[in-house]
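Asker: Model the structure of this input:
(chains A, B, C and D)
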Number of protein chains: 2
Amino acid sequence: MASTASATSPSDAGAPGNMGDVRRNNLALVLARVAQSPSGIHLTRAQLAAATGLTKASVSSIVLDLLEAGILREVGLSRQGERGRPGVGLELNPSRGVMGMEINVDYIAAGVTSLSGELVVKEIRERDNRDSSSEAVMSALALLASGVREAASVKGVDVLGGGLAVPGLVEAGSSTVTVAPNLGWVDTRLDVARLLPGVPLGVSLFNEANAAALAELAHGPQRRDFLFVSGEVGVGGGLVLNSELFTGPEGNAGEVGHIVVDPGGVTCSCGGTGCLETVAGQDAIFSAAGITVKGRSRSESMANLLGALAAGSPAALTAVQRAGTALGVAVASASRVVNVRAVVLGGHFAVLDQWLHGPLLESLARYAPGALSPEHVITSTVGEAGALLGAAGSVVRALVEAPHRLQA
Amino acid sequence: MASTASATSPSDAGAPGNMGDVRRNNLALVLARVAQSPSGIHLTRAQLAAATGLTKASVSSIVLDLLEAGILREVGLSRQGERGRPGVGLELNPSRGVMGMEINVDYIAAGVTSLSGELVVKEIRERDNRDSSSEAVMSALALLASGVREAASVKGVDVLGGGLAVPGLVEAGSSTVTVAPNLGWVDTRLDVARLLPGVPLGVSLFNEANAAALAELAHGPQRRDFLFVSGEVGVGGGLVLNSELFTGPEGNAGEVGHIVVDPGGVTCSCGGTGCLETVAGQDAIFSAAGITVKGRSRSESMANLLGALAAGSPAALTAVQRAGTALGVAVASASRVVNVRAVVLGGHFAVLDQWLHGPLLESLARYAPGALSPEHVITSTVGEAGALLGAAGSVVRALVEAPHRLQA
DNA sequence: CAAGTTAGTTTATCGCTTGAACTATATAAG
DNA sequence: CTTATATAGTTCAAGCGATAAACTAACTTG
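Answerer: Purely as a prediction, here's the structure:
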């Protein structure tokens, strides 16, 4: 139910620790190996035994449980032309999946991925959510989710659980949005369970930037540690450490948008002064570039900005350059605090990369030389609706780490 | 051997997971309860069973192991005057201890604490370590440690292991000091094992500020999450999250000293620009206050500064005020990145607190309003040589979390 | 001194991993 | 076609650790 916690913890801390824990641990160990093997390559029981260090007997017993729970599936023989009895390949059951959902300022979206991560169905519905109550938005999303679930079912994929990403601070345990400035929500409890009635794994709630970071972790190049910086209306962030989302003691670590980059700067929507967001947020860039936002959609304004940049508008170029420099300061500071190895740029930072990249690297070299090499500053590969993929992937991951939740 | 890792992990990740793990887990669970009970109050087997959720039979068996390993000791009856058979109190064996050691710019120190944390012996030897090779310093420390170990032995305390704190970046696994600017060490491998020949738990290496943070965790007011900011020649930091030292993927998270607080500022010793250390480090404060450092010891210069402040010197007051403001900016940024609940000031920041506190709070309110309430900005209670206590405490903690390391 | 109450130990049972023996299924050689 | 060899997967006795219930120990109350 709850979204991912701060640290790795196979058996919950302070728990009595009977020998059922050993089973759960090994169940997860075996399943993790299957899940992390590249699709198309199907490990056998014997290979799993060798890889995990468990005996063949234990692996057989564990695999049996996972097959009965419907998490794994046997697929044809693994090998032929060689001596000896061929093994039976194993894979994540492709007829089971999870749903990723997203509520954003101007759209809602839902999609289903199989346990192995392939997108089966996806639907985005444009909708201005600024003027709606959370109930109205949730109703619209429930309808959309129901349709997508039906479509997945037609394709033979059963939905086990879901994840919802929203652009705001989130209290994972209680499914509450503490504050979502761009939606106008404050301390809003969302009845996430109604989005997917009856699913065994429930529905978890995620911060949008965190979910996007998780998508980058799952679908991007192999990195175990990075800071994901997402440029949307605000500037969000997700911190991935040791392949885990790091949310901090109160659940909202990685909020890069409010690092101080200019002590003499202007006041931010958060009440602070000189925050990154006041220089590198969308509104800040548009306004500095002299682009009118009023009465236009965000994508129109962004198209305008890109046009101005291509045309060589000095105001636009300066605005983006300033954003890049500020981003460099923020990343420099953040890298000192958490000592992270790489930075991934998403949202409008990815779109503006060709203008942003240079100033960002220069700034980084100036404020934290040696802390981060240039090749570790990259743009996100997961495109729009990455938050959706990340939320879904995170639910899968939680299942892989605790498969016993799905046992009879 | 290695110093504390990033996250909680009772059984190592990816481990096969036999049922010996259950034993190790429960061994640690029981021991942790004994260790965290206030001294003077001795829990019985029955109370431990109730507290941990284990059965009395299991607790008895576990306690037997811990007694045989010499980690616990039975102490007189727990209670009298009440009905029923009185239980037997249990406590950490007071005749077992660990040694904390410290190498700093102008002294070396060693001390032994019992497992329950009481300081048994402590010796500080003044020594200018700037002009010595690491071998020479280590030899001097080995001598000091040997004497202190002997003194502890005379008092009936046997040393099981040790921890060494140094003012520099540290690579825990390989006992290597990556860089210690104020000692002039670069990529220096220390033969820490020779400091305490033959001890079963070995000797671990720590960063000084990290060790001081751990001391604050163990001996300060009860807090699970805080950022410790240590003002020494440089400005160091230690990040404690969920009662664990958080060192980050490369082992040097929490380096608050190099957060950017003034993008237009001066160049730092780290090569960056406008780092906190360039405004709030000792040298920066002395120089801004117009206090000469050349040819004087650091404590003399600090005494001078305190005199100037008491006398109302405008230069001194302004210098400290500027440091406080910069500290506020850094803490504001750091609190966004890791979302920490409290800040503890140590080193010269604790000494200068009465002049520093106001400007720091003002600055914090300006740059990150609401992120940290004023009562959560406190000064460290552990005085000088806190790093020593922290290093020792951390070794004890590692033992409590994995007592099986001491079993036959 | 018997009854009541709490502490700690003993004993049978259960669950899970292990290692060895065993069965199953393929290729290679004669 | 039969036999040897190699590898995959299952079966089974053994061991270990937790559990629950029965039992012994030690103290207070009446």
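
Asker: Doesn't A:T113 belong to a strand?
Answerer: Yes: assessed by DSSP: H, G, I helix; E, B strand; the rest coil, A:T113 belongs to a strand.

Asker: Can you name the residue of the stretch 101-250 of chain A nearest to DNA strand D?
Answerer: For the stretch 101-250 of chain A, the residue closest to DNA strand D is A:S116, as judged by Cβ to the nearest atom of the strand, at 19.4 Å. All C-beta atoms are positioned from the backbone trio N, CA, C, and that covers glycine.

Asker: Could you pull up the residues touching that residue?
Answerer: Shown in contact with A:S116 (Cβ atoms under 8 Å, 6 or more residues apart in numbering or on different chains): A:A35, A:S39, A:E91, A:L92, A:P94.

Asker: Among these, name the ones in strands.
Answerer: A:E91, A:L92 (DSSP state E).

Asker: tell me which of the contacts of A:S116 is nearest to B:A69?
Answerer: Using Cβ to Cβ, A:A35 comes nearest to B:A69 of the contacts of A:S116, at 39.0 Å.

Asker: which bits of the stretch 251-400 of chain A sit near chain B?
Answerer: A:251-263, A:270-274, A:329-330, A:332-334, A:336-341, A:366-370 (Cβ under 8 Å from any Cβ of the partner chain).

Asker: And the residue of chain A closest to DNA strand C?
Answerer: Closest point on chain A to DNA strand C, by Cβ to the nearest atom of the strand, is A:R85, at 3.0 Å.

Asker: Quick check, pLDDT for that residue.
Answerer: A:R85 carries a pLDDT score of 91 in this model.

Asker: From the contacts of A:S116, which shows the smallest pLDDT?
Answerer: Lowest pLDDT among those: A:S39, 84.

Asker: measure the residue lying closest to that residue once chain neighbours are set aside to A:P200 for me?
Answerer: With sequence-adjacent residues excluded and distances taken as Cβ to Cβ, 6 or more residues apart in numbering or on different chains, A:S39 is closest to A:S116, at 5.6 Å. Noted for A:S116: a distance of 19 Å to A:P200, by Cβ to Cβ, to the nearest Å.

Asker: And for A:P374?
Answerer: Applying Cβ to Cβ to A:P374 and A:P200 gives a distance of 46 Å.

Asker: pretty sure A:C268 contacts A:E277?
Answerer: Yes: A:C268 lies in contact with A:E277 (Cβ atoms under 8 Å); the separation is 5.8 Å.

Asker: list residues touching both of the two?
Answerer: A:H258.

Asker: Say whether DNA strand D is contacted by stretch A:66-85.
Answerer: Yes: Stretch A:66-85 is in contact with DNA strand D by Cβ under 7 Å from any atom of the strand, via A:S78, A:E82, A:R83, A:G84, A:R85.

Asker: can you pick the most crowded of the residues you listed?
Answerer: In terms of neighbour count, A:S78 stands highest of these at 18 neighbours, by other Cβ atoms under 10 Å in any protein chain shown.

Asker: Quick check, pLDDT for it.
Answerer: pLDDT for A:S78: 68.

Asker: Same question for A:P10.
Answerer: Reading off the model, A:P10 has pLDDT 36.

Asker: where in chain A is pLDDT low?
Answerer: For chain A, the stretches with pLDDT under 70 are A:1-16, A:78-80, A:408.

Asker: the longest helix in it is where?
Answerer: For chain A, the longest helix by residue count, based on DSSP state H, is helix A:314-338.

Asker: returning to that earlier point: the residue of chain A closest to DNA strand C: which element?
Answerer: Assigned by DSSP states H and E, A:R85 belongs to neither a helix nor a strand.

Asker: I'd like the distance between it and chain B.
Answerer: A:R85 is 25 Å from chain B, where distance means Cβ to the nearest Cβ, to the nearest Å.

Asker: and stretch A:210-228, C-alpha only, in PDB?
Answerer: Extracted C-alpha coordinates of stretch A:210-228, given in PDB (Å, rounded to 0.1, in the frame of the first residue of the first chain):
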ATOM      1  CA  ASN A 210      10.200  10.800  -7.700                       C
ATOM      2  CA  ALA A 211       8.200   8.600 -10.100                       C
ATOM      3  CA  ALA A 212      10.000  10.000 -13.100                       C
ATOM      4  CA  ALA A 213      13.300   9.300 -11.300                       C
ATOM      5  CA  LEU A 214      12.200   5.700 -10.800                       C
ATOM      6  CA  ALA A 215      11.300   5.400 -14.500                       C
ATOM      7  CA  GLU A 216      14.800   6.700 -15.300                       C
ATOM      8  CA  LEU A 217      16.200   4.000 -13.000                       C
ATOM      9  CA  ALA A 218      14.200   1.200 -14.600                       C
ATOM     10  CA  HIS A 219      14.400   2.300 -18.200                       C
ATOM     11  CA  GLY A 220      17.400   4.500 -18.500                       C
ATOM     12  CA  PRO A 221      21.100   3.600 -18.700                       C
ATOM     13  CA  GLN A 222      22.300   1.400 -15.800                       C
ATOM     14  CA  ARG A 223      23.000   3.700 -12.900                       C
ATOM     15  CA  ARG A 224      22.600   3.000  -9.200                       C
ATOM     16  CA  ASP A 225      22.900   6.600  -7.900                       C
ATOM     17  CA  PHE A 226      21.700   9.800  -9.400                       C
ATOM     18  CA  LEU A 227      19.800  13.000  -8.800                       C
ATOM     19  CA  PHE A 228      16.900  13.400 -11.200                       C
END
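
Asker: at contact distance from chain B, anything in that stretch?
Answerer: Yes: using Cβ under 8 Å from any Cβ, stretch A:210-228 reaches chain B at A:R224, A:D225.

Asker: Just the buried positions in that stretch, please.
Answerer: If you call a residue buried by 16 or more other Cβ atoms under 10 Å in any protein chain shown, then stretch A:210-228 has these buried ones: A:210-218, A:220, A:225-228.

Asker: Against B:F226, how distant is A:N304?
Answerer: Separation of A:N304 from B:F226 (Cβ to Cβ): 46 Å.

Asker: same deal with A:G162?
Answerer: Using Cβ to Cβ, we find A:G162 at a distance of 36 Å from B:F226.

Asker: circling back: the more surrounded of A:C268 and A:E277?
Answerer: Remark: of A:C268 and A:E277, A:E277 carries more neighbours, 27 against 23, as counted by other Cβ under 10 Å.

Asker: pretty sure the more buried one contacts A:H258?
Answerer: Yes: with contacts counted by Cβ under 8 Å, A:E277 reaches A:H258, the gap being 6.4 Å.

Asker: No more questions from me, cheers.
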